[in-house]
Each structure stands twice: as structure tokens, then as C-alpha cells.
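Engineer: quick one: sequence plus predicted model below, questions after.
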Amino acid sequence: MKKFTQRLDIRRLALFGAYVAITGCLAFHHEPWRDEADNWLMARDASVIDTIMITPDSGHPPLWYLLLKPFALAGFPPWTQKIVHLFLAWTSGWLLLFRSPLPLLACAAMLSSYFFSFEYAAVARNYALGILGLFAWCASVTSGKKREPSVLVASVLLMAFSTTHFLMLAAGVLAFEGVTALDNKLKMAGQREIELDWKSYAVACAAVITSVICLWPTGHGQLDAAFFPQFHKEKVQLALRLAILPSAPQFIKGWWSDVLVLTGWSSVIAASLINLRRRDPGPMVFLVIGLAGLLYIFGFRYFFGTLRHAGILYVLCVATFWLTLRRGDAPSLNKQLCLIFFLATFTLTIPRTMHTWRTEIERPFSNAGDTAEYLLNRGLGHRTLSCHPAPNCSAILLQLPAGKQAWQPGTKSWGTHMWWDKTYIKQYAMTPQVAMAETVKKFGPAGESPDPGVLFLTPTAVQNPGALGMRLVYSTPRNAWGVHDEAFFIYAVKSSK
């Protein structure tokens with residue numbers, strides 16, 4: 001088997017520099033929303049035990065929270081999360097450019113795509129951990145050099161404990177390793193790939209099993225404990241579409257988009273089939289296992305039509321092409337299919353990508369920052385806050401002094417981060433009027449804990465607040481382009497200043 005080699009040339013360095021500059025600029029302008037805020041708040045305010053206990057109901061492994069915890073506990077500012085996330089994204093970009101066999105134009109298209117330039121770079125979430133683990137593993141099987149056993153273990157750990165989606169891709173990695181190892185035994189010595197270290201393989205398998213156990217829903221939160229709950233065919237179809245055409249659902253309808261999506265997925269499958277015919281079943285096995293796992297999540301578990309979830313399918317395509325080209329004697333047809341796939345998907349989504357870049361710089365992603373700024377500028381940050389729904393207010397608490405908590409009418413408790421149990425989920429059924437009434441019952445003149453300085457925050461206007469003894473004091477400008485339910489109305493007791 002010929003070894004793959006990649007030169008450190010000026011073109012790839014220039015592309016990496018451009019990627020760093022663009023993603024750094026976007027991240028600098030990005031206004032964190034509640035999911036990003038919750039990561040930091042949980043790292044700061046939740047114990048390690050609580051973080052692990054929340055895992056089954058949140059649907060996310062605890063690694064990202066635990067990675068942020070030392071920074072949060074040491075008193076670093078919340079924007080530290082952006083720096084950590086950018087480092088992960090940039091490392092993945094470096095591996096893609098300098099440790100992968102993918103053509104330069106394909107790499108340029110990938111790094112400039114909506115997913116890699118914004119969703120998995122500017123928005124600080126746990127997905128970057130999984131991408132780094134996947135790319136590090138792909139680089140290790142591409143180098144042609146003797147591989148350290150720890151590389152497989154570390155890569156699978158990053159994937160299995162980053163997100164549920166990458167847990168499924170970690171299963172694909174283990175399937176690839178197992179099938180390739182068995183196939184090696186049937187080949188002549190000169191045709192064999194790197195021998196698999198079975199001890200590290202066993203440890204990696206144990207990591208995946210442990211993650212599955214930690215993530216299995218309890219049935220007491222937002223996720224169904226059944227293995228096969230109700231299947232949503234339309235969600236699977238939408239995810240497959242958005243991975244190829246990350247545009248608004250109303251834009252990607254029509255027969256022409258069906259043809260584009262089908263062609264895109266066909267090219268990935270065709271490249272894997274070519275390797276399969278050449279006695280290289282690994283890429284096909286990885287694709288099948290990874291795709292089946294992701295579609296299981298989207299069809300049976302959860303998929304809200306969000307691009308950050310559908311984009312994992314795009315990452316799956318990147319890794320599959322990477323694996324089909326990992327050998328130095330990879331067929332030229334696979335390179336052509338790779339170029340066609342990534343250049344076509346990038347070209348078709350240039351309007352969406354350019355619009356995202358421009359809008360991210362010109363307008364806030366969330367209006368939570370405006371609300372926090374108002375509270376701080378008016379000297380109201382010390383006041384008692386009652387927030388409903390609580391998750392929407394996380395992005396405000398992130399930007400207030402550390403330790404600031406809010407009372408949650410829907411759960412009748414104090415807190416900062418999300419818990420994701422049934423009580424926490426049920427609060428969404430409470431109307432703003434009822435939540436305000438609960439606030440008055442708690443902090444009003446005749447309440448349990450009278451506090452004339454209490455402020456009630458909600459993203460939905462309350463009809464006739466005067467009837468409950470409160471008045472509107474501030475309404476956030478509604479100019480956010482990303483998250484529209486984090487623009488708040490702030491109400492105060494009528495007699496307060």
C-alpha cells in the first residue's frame with residue numbers, strides 16, 4: 001500500500017490564515033444565545049455530579065461542560081468559551097488542510113461552507129470536540145506511519161463524550177477499525193494497512209458503551225426512554241436535505257432540489273462503492289454505520305430542523321471522502337467525485353453563507369445582550385429577577401455578575417442553568433400572565449418574600465400587567481437575526497422606580 005503524503009505549501013497556509021481570520025471575526029461579533037450560555041453557566045454553577053446526572057435528560061455528554069469548568073471556576077470571563085472553541089475549530093481546520101488527502105479546492109469549499117465557517121466555528125457548542133476527534137482519527141489512518149494506540153482511544157473519547165451525534169460516528173469508527181483489521185488478515189503483507197492494537201480498540205469500545213449508558217434517557221426529562229419511540233419520516237428527509245442544501249425549508253422544496261440532494265448523496269455512496277470493489281470495505285462500513293446512527297437520532301429521537309444537527313451529516317460526508325482517499329493509490333475518480341460534491345454544495349449555498357457572514361457582523365444573533373446591557377447601565381443588575389421561560393433567560397444571566405441567579409416561576413426555584421427534567425420542560429406550558437401572577441404571589445406586597453424591586457422578564461408581552469400591580473419599564477429592540485425569542489419585556493412593580 002502506498003503511503004499518503006501532504007506538503008506544507010504556501011497555498012494551504014494562506015487558506016488556513018484566511019479561515020482563522022474569517023472565523024475569528026465572526027466569533028468576535030457573535031452574540032451568545034441560551035444554548036451557549038447554558039454551557040458556561042453549567043460549568044460554573046453545577047457540580048461535576050450534577051453535570052453527569054443532567055446528561056441523560058439533556059441528550060449531551062458532559063465533556064464540553066467539564067472542559068470549560070476549570071476556566072469558569074477560575075473566574076475567567078464568559079468569552080473564554082469562544083477562545084477555547086476557536087482553538088478546537090482551528091485545530092480541525094489544520095488537520096483537514098495538512099493531514100488529509102482531500103484536494104485543495106475541496107478543502108477551501110469545506111472551510112468556507114456555512115457549517116465550518118459559522119455553525120461549528122463562530123457558535124461555541126460541543127460539536128467542535130466531536131469534529132476534532134473525528135478528524136484526528138482520520139489523519140491517523142491516513143498518515144501511513146505507525147500509529148500510537150492512544151490516538152484511537154483519544155479520538156473516540158472526544159467523539160463519544162461530545163455529542164450524541166458523534167457518538168454514532170464513533171461507532172462507525174470502531175466498525176471501520178474492526179472490518180479493516182479483519183480484512184488485513186486476508187491480504188498479503190505488502191497490501192496490509194496499519195495493524196490494529198486490540199487493547200486500545202477494547203478501551204475505545206468501552207468508552208462508547210459507557211457513553212451510551214450515561215446518555216440513555218431516564219424517561220423523566222425531554223427524551224423518551226423507549227428504544228424506538230415514534231418515527232418521524234419527514235424529519236429524516238429534512239435532515240438529508242439540509243446537509244446538502246443548508247437553506248430555509250421553503251427554499252429547498254421542489255423537484256430540482258430533490259435531484260441535487262440525491263446526486264450529492266449518490267456521489268458519497270459511489271466513492272465508497274469504488275473502494276469496496278478495490279477490497280477496501282472500511283469507508284462503506286463507516287458511512288453505513290454513521291448514517292444509520294444519525295438517521296436513528298433524527299427519526300426516532302430529536303431533530304428540530306436546525307442546521308447544527310443536519311450539518312453532522314455533512315461532516316460524515318467529509319470523513320467518508322477522506323477515508324476513500326486515504327491511500328496514496330486512491331482512484332482518481334474518487335478525487336473527482338470529492339471535488340464535484342464539495343464545490344457543488346458550496347456554490348449552491350454561497351448566498352446563504354454570505355448572508356450569514358454579513359448579517360452576523362451587522363446585527364446581533366440574540367437580543368439577550370441588549371437586555372443585560374440595559375440592566376447594568378441602569379444599575380438594576382442587583383435587583384431580584386424573575387424570568388420566564390427560564391431557558392430563554394440564560395443568555396442574560398451569562399452577562400450579569402457571576403453568581404447572579406433568577407427565580408423561575410415555572411419551576412418555583414432559583415437557578416441559572418437548565419436541568420431538562422420534566423418539571424423544567426413543563427414550564428413552557430405556563431403563560432406569561434400566569435408566570436407574572438406567580439411572581440407577584442412570591443414577591444408582591446402580600447407575597448411570601450416581599451420585594452418591591454423585583455423585575456419580571458419574559459419574551460412575550462403580558463396583557464394588562466397593571467391588573468397584577470406591575471408596569472412595563474423596557475422592551476428590547478427586536479433586531480436579532482438568529483434567535484428571535486430572546487428579545488425581552490421587563491416589568492417592575494408599579495410603585496418601584
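Structural biologist: It's in. Fair warning: this is a prediction, and the values are worked out from it, not measured in the lab.

Engineer: the closest residue to Ser386 other than its chain neighbours is in what secondary structure piece?
Structural biologist: With Cβ to Cβ, 6 or more residues apart in numbering as the criterion, Ser386 has its nearest non-adjacent residue at 4.2 Å, and that residue is Thr439. The C-beta positions use only the backbone N, C-alpha and C, and glycine is treated the same way. Secondary structure assigned from DSSP states H and E places Thr439 in helix 432-443.

Engineer: can you check Gly453 too?
Structural biologist: Under the assignment here (DSSP H and E), Gly453 is part of no helix and no strand.

Engineer: and what of Leu152?
Structural biologist: Assignment of secondary structure by DSSP H and E places Leu152 within helix 149-160.

Engineer: can you name every helix or strand that that helix contacts?
Structural biologist: If contacts are counted by 3 or more Cβ pairs under 8 Å, 6 or more residues apart in numbering; DSSP states H and E, helix 149-160 sits against helix 127-142, helix 164-184, helix 198-215.

Engineer: mind putting those in TSV, distance to Val261 and mean neighbour count included?
Structural biologist: Output for those, formatted as TSV (distance: least, Cβ to Cβ, whole Å; neighbours: other Cβ atoms under 10 Å):
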stretch	distance to Val261	mean neighbour count
helix 127-142	22	25
helix 164-184	19	22
helix 198-215	29	16
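
Engineer: compare the ones you listed and give me the one nearest Thr345.
Structural biologist: helix 127-142 (17.1 Å; Cβ to Cβ).

Engineer: look up how far Lys82 lies from the residue nearest to Thr80 when sequence neighbours are not counted.
Structural biologist: Nearest-residue entry for Thr80: Phe71, 4.8 Å, with adjacent residues in sequence omitted and distances by Cβ to Cβ, 6+ apart. Separation of Phe71 from Lys82 (Cβ to Cβ, to the nearest Å) stands at 11 Å.

Engineer: who touches both of the two?
Structural biologist: In terms of Cβ atoms under 8 Å, 6 or more residues apart in numbering, Phe71 and Lys82 are not both contacted by any residue.

Engineer: where do the helices of the stretch 301-450 of the chain begin and end?
Structural biologist: Using DSSP state H, counting those that start in this stretch, the helices found in the stretch 301-450 of the chain span residues 307-324, 332-348, 350-362, 368-377, 390-397, 422-426, 432-443.

Engineer: mind putting the ones you listed in JSON lines, mean pLDDT, mean neighbour count and distance to Gly221 included?
Structural biologist: JSON lines is the format used below for those (pLDDT from 0 to 100; neighbours: other Cβ atoms under 10 Å; distance: least, Cβ to Cβ, whole Å):
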{"stretch": "helix 307-324", "mean pLDDT": "96", "mean neighbour count": "25", "distance to Gly221": "18"}
{"stretch": "helix 332-348", "mean pLDDT": "93", "mean neighbour count": "18", "distance to Gly221": "35"}
{"stretch": "helix 350-362", "mean pLDDT": "94", "mean neighbour count": "15", "distance to Gly221": "32"}
{"stretch": "helix 368-377", "mean pLDDT": "95", "mean neighbour count": "19", "distance to Gly221": "24"}
{"stretch": "helix 390-397", "mean pLDDT": "93", "mean neighbour count": "26", "distance to Gly221": "13"}
{"stretch": "helix 422-426", "mean pLDDT": "81", "mean neighbour count": "16", "distance to Gly221": "6"}
{"stretch": "helix 432-443", "mean pLDDT": "95", "mean neighbour count": "20", "distance to Gly221": "21"}
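
Engineer: could I get these as JSON lines with distance to Gly133?
Structural biologist: Formatted as JSON lines, the helices of the stretch 301-450 of the chain follow (distance: least, Cβ to Cβ, whole Å):
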{"stretch": "helix 307-324", "distance to Gly133": "11"}
{"stretch": "helix 332-348", "distance to Gly133": "21"}
{"stretch": "helix 350-362", "distance to Gly133": "25"}
{"stretch": "helix 368-377", "distance to Gly133": "31"}
{"stretch": "helix 390-397", "distance to Gly133": "27"}
{"stretch": "helix 422-426", "distance to Gly133": "30"}
{"stretch": "helix 432-443", "distance to Gly133": "41"}
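
Engineer: relative to Ile490, which of these is closest?
Structural biologist: Ile490 sits nearest to helix 368-377 of all those, at 7.1 Å, using Cβ to Cβ.

Engineer: so the residue nearest to Thr80 sits in a strand?
Structural biologist: No - secondary structure of Phe71 (DSSP: H, G, I helix; E, B strand; the rest coil): helix, not part of a strand.
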